[in-house]
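Engineer: compute the structure for the input listed below.
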Amino acid sequence: MQYKNCLRLTVSLIALLAVTVLSAADYAGTIGESKTPLVNYADSEPAHSERVTHPYKQLVPTLTPDVPMHVRPHSRDVMTDIEDRPFFDYNAWQTFIGLIWPAEREGDQGYVRGLADGGVPEADFREIYASGNYQAGNWVAVFETLRTDDDLFTSPADGEDLSMPPEPIDWFADAYSLPLELEGISKTGHVDDDTFDEAFSGPLIDQNRRYVRYTVAMNRVFYDYIRGNGYFWKGNLPKSPSPVAIPPVTATEAQSKSEDPVVLMLQPQTQTIATQRVHGNSITIKTAWRVMITDPAAPWEQKDDLSRYYTTEALVKNPSNPDAGAEKAIVGLVGLHVVVRTTQFPQGLWSTFSHVDNLPPVGKKALPDGRRASFNSNGQVFYPDGFSYQPGNDFPEMADRVPVEVSRLWKIPNTPVPLPQDNGKGYSTQAMNTQFQDLLKGTVWQNYQLEVTNWPTDPGVFYARPFFQMRGMSGEVTDDMPPALQAIIKRNNLAESDAFPRYAGLPIPQVGALNPILETYFQNSPVPEQTSCIGCHYGASDLGFVWAWKKDIWPQPYKQGRVNPEDTKRASVPYVTSSDYD
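Structural biologist: Numbers count the residues shown, from 1 in each chain. Predicted coordinates for the structure are as follows:
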């Protein structure tokens, strides 16, 4: 099987206002899809060169399965980056509603992957997710049906050709059916760190002494692009320092009027191309789940109110006893990361949501009605690092586990401040949460909130962080090196260390853009980029800012080229010394 590669996509930006949402008549397929290739903007709304009287009047919360395809902020000479935040928060919330929409059923087989049931009217949406009677398993949300990184990034089985992993399964090869796979234990009895660990840190234990579990998934646009171009195998990737382009590949005007695939011929060294056959924006997500307690048995357990959570039926294993069989459990959603890549923002529009019962409100010692928060025993102590301790991966028995007490270090943004013309609503992230929670009132989704949105303010300025060093070199400087060699290595090291935020698209916020339940242990990191969605993922910017891709592509560990330690050693001493004459 032959696959084709790509180099990068070039992004041009136009400073425009508003958010474009596809109408129901234009809804083309699975979430994030469009019928035809995308250009930079879906219509011809003129650019705004002066401040408008009511810039946010079009940001009306709407119950619809259709997700935004573009975000149109003002130019900087009209509005500040902070004043642009409502456009991105609105985009995040409308994407969230599309992701939580009830999925289309596929007869008795389950649910169509990634496809919202467009026939569900607003009244039925509210009835399905009604707080008083919502039950796990009667319906599933679209985001739960997406393909996971385990579907996409495969590895050869014993006895197979180790040079090439098997081709991933077709997107529509099977329907999604319950239970959700959250076992976290491999067939060899190994505990899967990706299921139990937060990003590059460790596990999180809730107040009921259960481990939080995580999944990574993606929409069809992203999945089919990686699968169709063979980018699940390292050998098909573009030659460094050419980063892999992530959908959507920007189409020409002629292409935008056709349903034909977008073919991008770049990579001059190898004359390779990439093809985007499924049109639209790529979407990747990360979910966080907590095992729900319905019948408390141990003294530390408290019954969970399932009517406040989106719950589903999952298959779980006890990491303290990997050899034991899997059990079915009800799990509740406690966190959701969402990354949407558009033609304007190839670094992605990053947003993260949480359940309101995860932590007490800032300055409070308990939840409003005195209930115990999921990750804090009623706020008696504030932890300046954001957590009481960091568990290891030894996974003790439940009686010996100690819950992690989590404190919030970064406020949900309360900017921009309300304007007189906002009719008392306000459009800060906190105010936008209130507006959308009002829209979702009476459903389990009224109990979720947007933590923060992270976006590049200058996406046209980009250089992948891993490419600041010459491949195969260690970046180490030794005293016996000639001054010129020491200087150039130091210069490369300095460029790499200073690359964020400038060469990551100058994102906002530059620090503090995280979720305290998905990045608990990075809240007070001394490394600024570790407290930012885009900053942390900038380390994987050679593979579209997707750490799951970089960690799971075959073969591992991820290195482009045959990096030989002896090559590195010899390249570090390319100069003549007296020892060469001995």
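Engineer: so Gly98 touches Thr64, yeah?
Structural biologist: Yes: counting by C-beta atoms under 8 Å, Gly98 touches Thr64, with 7.3 Å between them. Where you see a C-beta, it was placed from the backbone N, CA and C, and this is true even at glycine.
Engineer: when those two are compared, which one has more neighbours?
Structural biologist: Neighbour count, other C-beta atoms under 10 Å: between Gly98 and Thr64, Gly98 has more, with 24 against 19.
Engineer: just give the closest residue to that one, not the sequence neighbours.
Structural biologist: Val67 (3.7 Å; C-beta to C-beta, 6 or more residues apart in numbering).
Engineer: surely that neighbour touches Thr30?
Structural biologist: No: using C-beta under 8 Å, Val67 is not in contact with Thr30, being 10.7 Å away.
Engineer: neighbour count winner among those two?
Structural biologist: Val67 (27 against 24).
Engineer: what's that one in contact with, if anything?
Structural biologist: Each residue near Val67 by C-beta atoms under 8 Å, 6 or more residues apart in numbering is listed here: 21-22, 31-32, 94-95, 97-99, 281, 283, 340.
Engineer: quick one, which of those are buried?
Structural biologist: Buried members of these, counted by 16 or more other C-beta atoms under 10 Å: 21-22, 31-32, 94-95, 97-99, 281, 283, 340.
Engineer: can you list those residues in a markdown table and add secondary structure?
Structural biologist: Listed next are these as a markdown table, based on DSSP: H, G, I helix; E, B strand; the rest coil:
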| residue | secondary structure |
| --- | --- |
| Val21 | strand |
| Leu22 | coil |
| Ile31 | coil |
| Gly32 | coil |
| Gln94 | helix |
| Thr95 | helix |
| Ile97 | helix |
| Gly98 | helix |
| Leu99 | helix |
| Asn281 | coil |
| Ile283 | strand |
| Val340 | strand |
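Engineer: from those, pick the one nearest Pro248.
Structural biologist: Asn281 (5.5 Å; C-beta to C-beta).
Engineer: which ones are touching the closest residue to the closest one other than its chain neighbours?
Structural biologist: In space, and not counting its chain neighbours, Asn281 is closest to Gly32: 4.7 Å by C-beta to C-beta, 6+ apart. With contact set as C-beta under 8 Å, 6+ apart, Gly32 has these partners: 67, 219-221, 280-283, 340.
Engineer: please repeat the previous calculation with a cut-off of 10 Å.
Structural biologist: Contact partners of Gly32, counting by C-beta atoms under 10 Å, 6 or more residues apart in numbering, are 67-69, 95, 98-99, 114, 146, 218-222, 247-248, 278-283, 340-342.
Engineer: in helices only, show me those.
Structural biologist: Judged by DSSP state H, the subset of these located in helices is 95, 98-99, 220-222.
Engineer: want to throw these into TSV with distance to Asp151 and pLDDT?
Structural biologist: Formatted as TSV, the ones in helices among the contacts of Gly32 follow (distance: C-beta to C-beta, whole Å; pLDDT from 0 to 100):
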residue	distance to Asp151	pLDDT
Thr95	22	98
Gly98	21	97
Leu99	18	98
Arg220	11	97
Val221	15	95
Phe222	12	96
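Engineer: okay, these in TSV with distance to Phe196 next?
Structural biologist: Shown next, in TSV, are the ones in helices among the contacts of Gly32 (distance: C-beta to C-beta, whole Å):
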residue	distance to Phe196
Thr95	27
Gly98	29
Leu99	24
Arg220	28
Val221	29
Phe222	24
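Engineer: point out where the protein drops to low pLDDT.
Structural biologist: Applying pLDDT under 70 to the chain flags residues 1-28, 40-51, 132-137, 158-159, 185-194, 240-241, 264-272, 559-563, 582.
Engineer: can you show me the helices along it?
Structural biologist: Here the chain has its helices, by DSSP H, at 81-100, 122-128, 149-152, 193-196, 220-228, 253-256, 429-439, 483-497, 533-537, 547-552, 565-571.
Engineer: so which of those helices comes closest to Pro296?
Structural biologist: Of all the helices of the chain, helix 193-196 sits nearest to Pro296, with 23.0 Å by C-beta to C-beta.
Engineer: mind checking how far the residue nearest to Gly98 is from Trp101?
Structural biologist: Counting by C-beta to C-beta, to the nearest Å, the gap from Val67 to Trp101 is 9 Å.
Engineer: quick check: neighbours shared by these two?
Structural biologist: Contact criterion C-beta under 10 Å, 6+ apart; residues shared by Val67 and Trp101: 31, 116, 142.
Engineer: list the contacts for the second one?
Structural biologist: For Ala116, the contacting residues are 27, 29-31, 64-67, 97-104, 141-142, 145, by C-beta under 10 Å, 6+ apart.
Engineer: let's see that with 7 Å instead.
Structural biologist: Ala116 sits next to 31, 65, 98, 101, 103-104, 142 when contact means C-beta atoms under 7 Å, 6 or more residues apart in numbering.
Engineer: distance of the residue nearest to it when sequence neighbours are not counted relative to Ser572?
Structural biologist: Ranked by C-beta to C-beta, 6+ apart and with sequence neighbours excluded, the top spatial neighbour of Ala116 is Pro65, at 3.6 Å. Using C-beta to C-beta, Pro65 is found at 56 Å from Ser572.
Engineer: these two - which one has more neighbours?
Structural biologist: Each of Pro65 and Ser572 has its neighbours counted (other C-beta under 10 Å); Pro65 has more, 24 against 19.
Engineer: you'd agree the more buried one is up against Leu115?
Structural biologist: No: using C-beta atoms under 7 Å, Pro65 is not in contact with Leu115; the gap is 9.2 Å.
Engineer: can you lay out the helices of the chain as TSV showing distance to Asn515?
Structural biologist: Output for the helices of the chain, formatted as TSV (distance: least, C-beta to C-beta, whole Å):
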stretch	distance to Asn515
helix 81-100	13
helix 122-128	25
helix 149-152	19
helix 193-196	17
helix 220-228	21
helix 253-256	36
helix 429-439	13
helix 483-497	26
helix 533-537	9
helix 547-552	15
helix 565-571	37
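Engineer: of all those, which lies closest to Ala326?
Structural biologist: Of all the helices of the chain, it is helix 193-196 that lies closest to Ala326, at 12.5 Å by C-beta to C-beta.
Engineer: I'd say Thr154 and Pro168 touch.
Structural biologist: Yes: counting by C-beta under 7 Å, Pro168 is a contact partner of Thr154 at 5.9 Å.
Engineer: common neighbours of those two, please.
Structural biologist: Contacts common to Thr154 and Pro168, judged by C-beta under 7 Å, 6+ apart, are Phe232.
Engineer: neighbour count winner among those two?
Structural biologist: Higher neighbour count among Thr154 and Pro168: Pro168, with 20 against 16, using other C-beta under 10 Å.
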